[in-house]
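J.: kindly return the folded structure for what I paste below:
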Amino acid sequence: MTRRRTQDAGTQDVAPHEAPRGGAWTRRETLAGLGLLGVALPLSCRHPAEAMRTHDMERKDVKDVVVVGGGPGGLSAALMLGRARRKVLLCDAGPRRNAAATEVHYFLTRDGIPPQEFRDIAREQLKPYDVEVRDVRVRNIERVGAAFRVELEDGGVVEARRVLLATGMVDVPRDLPGYRELWGNAIFQCPYCHGWEVQARPWGVLATSEMYLDFALVLRSWTEDLVVFTQGAFPVPEARRAQLARVGVRIEERRIRGLVTGAGAHGAALAAVELEDGTRVPREVLFDHPPQRQVPLVQKLGLELTEEGFVKAQPTGETSVPGIFAVGDMSQRMQAAIAAASAAAIAASMLNHSLSLELAGPVSEG
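T.: Now for the predicted structure:
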């Protein structure tokens, strides 16, 4: 069954301008006069006019786009960019986010495929194009001139005109006995990924706020035996109680002491949810959306985030730092393989569009 677990811009180029006559100083000349020319400024502090000064950058390896993350999102973006004849580097490192998954679901033509087989096929299909795949972690990204200096953990340095991030999210397990052992075996986030395989069994759902009561109503499609565990985190309005009761959903407001585990066919199995007074509520499946955070690289870039902690991106995928795009789980609540691949395809096409316009230069009248 599928489980998702995480481990762990460039501005548009313009023609270089010369220093204005009459004694005015450019930003570059001012920095040189202060002895700060070699200092790397934060990405969000660079002025677009500096984007043309690329001759100081190491040019050992030059790519149109560096894609960070080799899951469905990163692979989809790399494929589209490769077919657009772009030079692409795809960097992938660490366990995949759905590392405990045995199958990928509701990806059309690939429903039920093992995640590693999915990735192997995708990598094989990248080979006809100018897409290089490296199993290496990206250590740092900084803007230098018109492009980005991408430092790899193996010591390599790559110049990229654009960067596309597809790094997923880090799920933070609940501090409940049994939670870590059951994560991915009996505790899931997405019913569309896991619900069919465990349908019609005794389910539970952790509801940390009132909005998750709606999620409980969605889960009711897969099972007639559902308990909502609120842990007393919020008062449940009487109207919502009545609504849930109409479809047979029970509410349990006592706090959870721990999760009772047993042996299952593919690892730990859930036997019951134990409450603070020792009462055990028999359950076989538990749904939860634990807290999430961005991977360290994204945190270091200083990208603008939403209130929920997702990277804030335009419909094109571009982030608050021009030239850096973000796709997939890191920038959206709908976290699934096919959703990440779709978002990446849109962002890659928009990114290629911007590179094409950049090459042509501005429209000049007359």
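J.: so residue 263 bridges to which residues?
T.: residue 268 (DSSP bridges).
J.: begin at 727 from now on, thanks
T.: Done: numbering now begins at 727, and the last item shifts to residue 989.
J.: from what I can see it touches residue 995, true?
T.: Yes. Under the criterion of CB atoms under 8 Å, residue 989 makes contact with residue 995 at 6.3 Å. For glycine as for every other residue, the C-beta is placed from the backbone atoms N, C-alpha and C.
J.: these two: which is more packed in?
T.: Each of residue 989 and residue 995 has its neighbours counted (other CB atoms under 10 Å); residue 995 has more, 17 against 8.
J.: chain neighbours aside, what residue packs nearest to the more buried one?
T.: residue 988 (4.7 Å; CB to CB, 6 or more residues apart in numbering).
J.: how close does residue 943 get to residue 879?
T.: Per CB to CB, to the nearest Å, residue 943 is found 45 Å from residue 879.
J.: neighbour count: these two, which is higher?
T.: residue 943 (17 against 12).
J.: so who does that one touch?
T.: 969-970, 973, 975 (CB atoms under 8 Å, 6 or more residues apart in numbering).
J.: now it: which helix or strand?
T.: helix 937-945 (DSSP states H and E).
J.: how about the CA coordinates for that helix, as PDB?
T.: The C-alpha trace of helix 937-945 is given here as PDB (Å, rounded to 0.1, in the frame of the first residue of the first chain):
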ATOM      1  CA  MET A 937     -11.700  21.200   9.400                       C
ATOM      2  CA  TYR A 938     -10.800  17.500   9.700                       C
ATOM      3  CA  LEU A 939     -14.400  16.700  10.500                       C
ATOM      4  CA  ASP A 940     -15.000  17.200   6.800                       C
ATOM      5  CA  PHE A 941     -12.200  14.800   6.100                       C
ATOM      6  CA  ALA A 942     -13.900  12.200   8.200                       C
ATOM      7  CA  LEU A 943     -17.000  12.500   6.000                       C
ATOM      8  CA  VAL A 944     -14.800  11.900   3.000                       C
ATOM      9  CA  LEU A 945     -13.400   8.700   4.600                       C
END
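J.: how far out from the middle of the chain is it?
T.: Chain-centre distance of helix 937-945: 23 Å, with CA atoms, centre = their mean, to the nearest Å.
J.: from residue 798, how far out is residue 859?
T.: For residue 859, the distance to residue 798 - CB to CB - is 14 Å.
J.: please say which of the two ends up with more neighbours.
T.: Using other CB under 10 Å, the more surrounded residue of residue 859 and residue 798 is residue 798, with 31 against 19.
J.: okay, the longest helix seen in the chain in PDB with CA atoms only?
T.: The longest helix of the chain (DSSP state H) is helix 1063-1086. C-alpha atoms of helix 1063-1086 as PDB (Å, rounded to 0.1, in the frame of the first residue of the first chain):
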ATOM      1  CA  ALA A1063       2.400  11.200  -7.400                       C
ATOM      2  CA  ILE A1064       0.100  12.200 -10.200                       C
ATOM      3  CA  ALA A1065      -0.600  15.600  -8.700                       C
ATOM      4  CA  ALA A1066       3.100  16.300  -8.400                       C
ATOM      5  CA  ALA A1067       3.700  15.200 -12.000                       C
ATOM      6  CA  SER A1068       0.900  17.400 -13.300                       C
ATOM      7  CA  ALA A1069       2.100  20.500 -11.500                       C
ATOM      8  CA  ALA A1070       5.700  19.800 -12.700                       C
ATOM      9  CA  ALA A1071       4.600  19.600 -16.300                       C
ATOM     10  CA  ILE A1072       2.900  23.000 -16.100                       C
ATOM     11  CA  ALA A1073       5.900  24.600 -14.300                       C
ATOM     12  CA  ALA A1074       8.400  23.100 -16.800                       C
ATOM     13  CA  SER A1075       6.400  24.400 -19.800                       C
ATOM     14  CA  MET A1076       6.200  27.900 -18.200                       C
ATOM     15  CA  LEU A1077       9.900  27.800 -17.300                       C
ATOM     16  CA  ASN A1078      10.800  26.800 -20.900                       C
ATOM     17  CA  HIS A1079       8.600  29.700 -22.100                       C
ATOM     18  CA  SER A1080      10.600  32.200 -20.000                       C
ATOM     19  CA  LEU A1081      13.900  30.900 -21.300                       C
ATOM     20  CA  SER A1082      12.700  31.200 -24.900                       C
ATOM     21  CA  LEU A1083      11.600  34.800 -24.400                       C
ATOM     22  CA  GLU A1084      14.900  35.600 -22.700                       C
ATOM     23  CA  LEU A1085      16.800  34.400 -25.700                       C
ATOM     24  CA  ALA A1086      14.800  36.600 -28.000                       C
END
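J.: noted, bye for now.
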